[in-house]
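>>> Sequence first, predicted coordinates after that:
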Amino acid sequence: MSARLIAIDGASGEGGGQILRTALSLSAVTGQGFEMTRIRAGRVRSGLRPQHLAAIRAVGMACGAKVNGAFDGSPDLRFEASLRDVRSFAADGNDPQVHLLSDGLRTDASRFVTVADVDLRYPEYQGEGGNGDLFVFSGSECLVTRATAVGGRHNYSFGLMQTTGNVLHDSSSTDARLPSDFHMHLSAANLIDGLRLDGDFVEARRRACCGHGHSTTQSVIWNAEGIDYPSDQIWDHYIVDSAQFGDGYVIGTRGAAPSVRTPGDEGTAPTDWVEGEGDGEALEPVSLYEDQRARRYGVVETPGEDAGPVAPDAGPDPGRDASVAPPGRDAGAEPGLDAAADPGGGTSGYAADCGCRLVAARDPVPRGLLLVLVASVAARRRRARRSGGRHPRFDASERSTSETLSPRRRA
């Protein structure tokens with residue numbers, strides 16, 4: 001068993017299903033995986049039953065978990081509420097600077113997902129309409145930690161109104177074509193913590209094109225490290241360009257390229273708060289995420305930290321020709337805008353005539369919640385069938401009324 005998973009004996013206590021339900025809930029909230037053995041050993045029919053499988057599927061779908069052993073009667077379950085240790089690569093015979101076809105990873109309509117130690121590079125197609133972005137936040141309260149992004153259209157991007165409460169922590173961004181950004185539709189209260197920027201910058205601004213509008217508010221960019229400014233910044237140099245709707249915060253920058261720009265824009269007053277520009281080495285706490293985690297849980301380790309961080313580029317990476325210049329950014333593009341129209345069709349559900357992502361119609365009820373509701377209704381119907389068409393909780397007087405009025409009884 002992986003050292004990252006907590007071992008749980010399902011026969012503990014009463015040896016029933018409560019220990020499983022508790023473990024699933026805590027795993028979804030914290031991102032900590034578990035492996036449970038001897039499930040429901042204290043019951044006559046031990047192992048997983050249909051109601052437990054419905055709960056596992058619902059929670060797993062809600063938090064993007066990897067699940068093994070989820071079948072009727074299974075005595076063991078492995079549940080990992082996270083995505084870890086994934087790396088893109090150039091296939092044999094392909095261009096070494098082509099790892100992916102288009103987008104890398106998206107958290108569409110997800111919540112409580114942990115993404116740790118993931119390295120994504122070099123999408124082949126970076127056309128408009130939402131193509132070639134490596135890490136896309138489009139859910140809520142998700143964590144991406146110790147990630148590496150190289151050579152994407154937008155290496156990291158936050159977009160859509162439901163994108164709130166997310167954390168990008170201790171990660172690196174290198175040679176993006178366009179900035180890592182808050183893309184559109186007021187993605188509120190997100191945290192970028194300790195991001196290393198080499199040939200990239202973070203943009204948090206109103207975007208007038210294509211109905212994007214204000215892209216974020218109340219978001220925090222904490223202790224960003226600038227290794228080098230983007231090559232297309234000729235006159236002004238900065239690693240953060242922030243003009244958020246209402247209040248925005250840039251706290252601490254460090255490294256050889258520490259500058260911040262807060263230009264202001266329509267509806268963005270007051271000017272975003274900037275503190276500690278160039279003094280991030282002395283910032284306390286060094287990491288806002290780790291400090292808040294320690295205050296709430298009494299620990300500072302992030303999920304899966306025992307594996308160590310994904311190291312930023314320490315020279316030419318395998319499969320990348322050192323003699324080839326890194327993929328350049330659109331030199332003629334305005335900040336946050338695409339320089340040319342895209343002849344391609346774009347990503348399904350998104351506009352093809354610009355660099356924006358249009359919101360596709362979505363069911364307002366999360367799929368995980370729907371599964372829970374369906375499983376609950378199904379269980380109630382099974383109980384009713386076993387009791388002859390009556391709800392088992394009716395008292396004697398209610399049963400007589402039910403028998404009188406029930407169409408099944410009259411038939």
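That came through fine.
>>> would you list every one of the strands in the stretch 201-350 of the chain?
Under the criterion DSSP state E, counting those that start in this stretch, the stretch 201-350 of the chain carries strands at the ranges 202-205, 216-217, 220-228, 240-243, 249-255, 260-261, 273-275.
>>> Tell me which of those sits nearest to Gly151.
Of all the strands of the stretch 201-350 of the chain, it is strand 220-228 that lies closest to Gly151, at 14.7 Å by CB to CB. All C-beta atoms are positioned from the backbone trio N, CA, C, and that covers glycine.
>>> Measure how that closest one sits relative to strand 249-255, angle-wise.
Counting by axes from the mean of the first three to the mean of the last three CA atoms, to 10 degrees, strand 220-228 points 20 degrees away from the direction of strand 249-255.
>>> would you turn the strands of the stretch 201-350 of the chain into JSON lines with mean pLDDT and distance to Gln292?
Converted to JSON lines, those look like this (pLDDT from 0 to 100; distance: least, CB to CB, whole Å):
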{"stretch": "strand 202-205", "mean pLDDT": "96", "distance to Gln292": "20"}
{"stretch": "strand 216-217", "mean pLDDT": "96", "distance to Gln292": "19"}
{"stretch": "strand 220-228", "mean pLDDT": "97", "distance to Gln292": "11"}
{"stretch": "strand 240-243", "mean pLDDT": "97", "distance to Gln292": "21"}
{"stretch": "strand 249-255", "mean pLDDT": "97", "distance to Gln292": "13"}
{"stretch": "strand 260-261", "mean pLDDT": "98", "distance to Gln292": "23"}
{"stretch": "strand 273-275", "mean pLDDT": "96", "distance to Gln292": "18"}
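>>> Can you say which of these is packed in most?
Of all the strands of the stretch 201-350 of the chain, strand 202-205 has the most neighbours on average by mean count of other CB atoms under 10 Å, namely a mean of 27.
>>> So, low pLDDT: which residues of the protein?
Across the chain, the ranges flagged by pLDDT under 70 are 1-3, 299-411.
>>> Quickly list the domain ranges of it.
Domain assignment of the chain by automatic domain parsing yields the ranges 1-80, 82-307, 369-411.
>>> give me the number of residues near Ala91?
The number of residues packed near Ala91 is 10, by other CB atoms under 10 Å.
>>> residue contacts, it?
Shown in contact with Ala91 (CB atoms under 8 Å, 6 or more residues apart in numbering): no residues.
>>> separation between it and Glu124?
To Glu124, Ala91 is 11 Å away according to CB to CB, to the nearest Å.
>>> returning to what we had before: could the strands of the stretch 201-350 of the chain go into TSV alongside distance to Ala294?
Formatted as TSV, the strands of the stretch 201-350 of the chain follow (distance: least, CB to CB, whole Å):
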stretch	distance to Ala294
strand 202-205	25
strand 216-217	26
strand 220-228	15
strand 240-243	26
strand 249-255	18
strand 260-261	27
strand 273-275	22
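>>> Show me the one of the ones you listed that comes nearest Met184.
The minimum distance between Met184 and the strands of the stretch 201-350 of the chain falls on strand 216-217, with 9.3 Å, by CB to CB.
>>> Tell me which of the domains of the chain sits most buried.
domain 82-307 (a mean of 20).
>>> Show the backbone phi and psi for the closest residue to Ala28 other than its chain neighbours.
Nearest residue to Ala28, sequence neighbours excluded (CB to CB, 6 or more residues apart in numbering): Cys63, at 4.3 Å. The phi/psi pair for Cys63 (degrees, to the nearest 10) reads phi -120, psi 10.
>>> for Cys63, what are its contacts?
Cys63 neighbours (CB under 8 Å, 6+ apart): 27-28, 31, 81, 110-113.
>>> Give me the distance from stretch 213-226 to the chain's centre.
Distance of stretch 213-226 from the chain centroid (CA atoms, centre = their mean, to the nearest Å) equals 16 Å.
>>> Output it in CSV, but only the C-alpha positions, please.
C-alpha atoms of stretch 213-226 as CSV (Å, rounded to 0.1, in the frame of the first residue of the first chain):
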residue,chain,number,x,y,z
GLY,A,213,-15.8,41.2,-18.4
HIS,A,214,-14.2,41.4,-15.0
SER,A,215,-12.1,38.3,-14.5
THR,A,216,-11.7,38.2,-10.7
THR,A,217,-12.2,39.9,-7.4
GLN,A,218,-10.8,39.4,-3.9
SER,A,219,-8.1,37.1,-5.2
VAL,A,220,-4.6,37.0,-3.7
ILE,A,221,-1.3,36.5,-5.4
TRP,A,222,1.1,35.6,-2.6
ASN,A,223,4.9,35.6,-2.7
ALA,A,224,5.4,35.1,-6.4
GLU,A,225,8.9,34.5,-7.6
GLY,A,226,10.1,36.0,-10.8
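>>> give the contact list for Gly151.
So Gly151 contacts 97, 121-123, 174-177, 326-327 (CB under 8 Å, 6+ apart).
>>> Check Ala257 too.
197, 226-229, 237, 239.
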